[in-house]
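K.L.:
Pasted the sequence and its predicted model underneath.
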Amino acid sequence: MTDVDTNRPEASILTVGLAQTTHLAAEPFVTLTATESTTTHRVVLSIGQARVLRYRLSTLTDATRYRRR
């Protein structure tokens, strides 16, 4: 698990991790945990979902870069 740290104060803390069950045939999965104050929410993604999310986030962040110019 690792924190997603922007080196700035943020309203929530986001942690991402790669995990796998003890069953050897099981695929690994990605966990995203968001903590705000005393509330924690966790999302578990398959590797396929995490890959698609990566591309979607890349597209969105690229779009914000072009807008600032």
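P.N.:
Yep, it's here.
K.L.:
What is the burial count for Ser58?
P.N.:
For Ser58, the neighbour count with other C-beta atoms under 10 Å is 10. C-beta: built from backbone N, CA, C; applies to glycine.
K.L.:
try Ser12
P.N.:
Number of residues near Ser12 (other C-beta under 10 Å) recorded here: 13.
K.L.:
same deal with the one 10 residues further on?
P.N.:
A count of nearby residues for Thr22, using other C-beta under 10 Å, gives 5.
K.L.:
State the phi and psi torsions of it.
P.N.:
phi -80, psi -10 (degrees, to the nearest 10).
K.L.:
quick one: it and Val4, what's the gap?
P.N.:
In this view, Thr22 and Val4 are 27 Å apart by C-beta to C-beta, to the nearest Å.
K.L.:
same check, this time on Leu14
P.N.:
4 Å.
K.L.:
mind checking the SS state of Arg8?
P.N.:
Put simply, Arg8 is coil when judged by DSSP: H, G, I helix; E, B strand; the rest coil.
K.L.:
and it, how many neighbours?
P.N.:
Quick note: Arg8 (other C-beta under 10 Å) scores 5 neighbours.
K.L.:
Need the pLDDT of it.
P.N.:
At Arg8, the model reports a pLDDT of 86.
K.L.:
ranges for the helices of this protein?
P.N.:
47-67 (DSSP state H).
K.L.:
Give the partner strands of the worst-scoring helix or strand of it on mean pLDDT in its sheet and their orientations.
P.N.:
Lowest by mean pLDDT, DSSP states H and E among the helices and strands of the chain is strand 2-3, with a mean of 84. Next to strand 2-3 in the sheet, as set by DSSP bridges, lie strand 13-19 (antiparallel).
K.L.:
List phi and psi for Glu27.
P.N.:
Here Glu27 shows phi and psi, under degrees, to the nearest 10, equal to phi -80, psi 150.
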